[in-house]
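> from the sequence below, what's the structure:
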Amino acid sequence: MSTVAPVPPAVVENPRTPHELAATVRAFAARRELWEPLVRFTRPERWYRRLAVGTDHEVWLLTWLPGQGTEIHDHGGASGAFGVVRGELTERAFALPGAEAPRPPRLRGLTPPAVRAFGPRHVHQVTNPGPEPAVSIHAYAPALATMSYYADTGDGALRLVRTDGVDD
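Here you go, the predicted model:
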C-alpha cells in the first residue's frame, strides 16, 4: 500500500499554470492601449490597479519609482507571472520557508520584455534598482486572497512575519 503525502495548506488547485499566466501577461503587455493610459506613480507606496479579473485568474498593473520594492512575500498559494513593460526590476527568489538546506536568494534582473512565471509556493522580493520608473504587469491564479511576509534571517532561511488579506 502506498501513501500520498498531504498537500501543504498554502498550495491550492490552480486553474491556470504558470506558463498560461505568462502568456496572459504577454497578451496584456502587447495591448499597451489597455494599460498605458492608467500608469501612475506615487510615493511612498507603489501604485497598483487591477486590470482584469475572471473566475480563474486576475491581472494587475504595478508601477515602481526608483528604490521602491516589496517585502519578501509569497502569494498565498496562487501561481503567478509578471512581466516588465518599462524600466528595470530585480527579483530575489528565496528557498521555501522551512527548507532543510537554506540557500542564498537567487538574484535576477528583468527588463522588457522579460516575463517571470512561478508556481504556488514561490517566495520573492521585487525592487526597482534603476534610475528610471518601472512598470510591470502581473497575473495570478487563483486571484490573490492572502500574502505572507517574511524576514531573511541572514543564513538563507526565512522567518514568517505576518499574513495579510489582499484587498483591491
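> could you list every residue that touches A141?
Taking CB atoms under 8 Å, 6 or more residues apart in numbering, we find A141 in contact with 14-16, 20-21, 56-58, 78-80. Any C-beta I mention is one placed from the backbone N, CA and C, and that applies to glycine too.
> run through who's touching the longest helix seen in the chain.
When the chain is parsed with DSSP state H, its longest helix is helix 18-30. Residues from elsewhere that reach helix 18-30 (CB under 8 Å, 6+ apart): 16, 34-35, 51-52, 57, 59, 79-83, 85, 113, 115-119, 137-141.
> what segments of this protein are strands?
47-53, 58-64, 72-73, 79-86, 89-94, 106-110, 115-118, 123-127, 134-141, 146-152, 158-165 (DSSP state E).
> redo those strands as JSON lines? Include mean pLDDT and distance to V39.
Below are the strands of the chain laid out as JSON lines (pLDDT from 0 to 100; distance: least, CB to CB, whole Å):
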{"stretch": "strand 47-53", "mean pLDDT": "95", "distance to V39": "8"}
{"stretch": "strand 58-64", "mean pLDDT": "97", "distance to V39": "6"}
{"stretch": "strand 72-73", "mean pLDDT": "96", "distance to V39": "23"}
{"stretch": "strand 79-86", "mean pLDDT": "98", "distance to V39": "8"}
{"stretch": "strand 89-94", "mean pLDDT": "96", "distance to V39": "15"}
{"stretch": "strand 106-110", "mean pLDDT": "95", "distance to V39": "18"}
{"stretch": "strand 115-118", "mean pLDDT": "97", "distance to V39": "18"}
{"stretch": "strand 123-127", "mean pLDDT": "97", "distance to V39": "17"}
{"stretch": "strand 134-141", "mean pLDDT": "97", "distance to V39": "6"}
{"stretch": "strand 146-152", "mean pLDDT": "93", "distance to V39": "23"}
{"stretch": "strand 158-165", "mean pLDDT": "92", "distance to V39": "25"}
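> circling back to that earlier point, buried subset of the contacts of A141?
Burial by neighbour count, judged by 16 or more other CB atoms under 10 Å, picks out 14, 16, 20-21, 57-58, 78-80 from the contacts of A141.
> out of the residues you listed, who's nearest G165?
Comparing the buried ones among the contacts of A141 against G165 with CB to CB places A78 closest, at 13.3 Å.
> that closest one contacts Y140, doesn't it?
Yes: between A78 and Y140 there is a contact under CB atoms under 8 Å: 4.4 Å.
> in ChimeraX, select just the buried ones from the contacts of helix 18-30.
The following ChimeraX line selects those of the contacts of helix 18-30 that are buried, judged by 16+ other CB under 10 Å:
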select :16,34,35,51,57,59,79,80,81,82,83,85,115,116,117,118,137,138,139,140,141
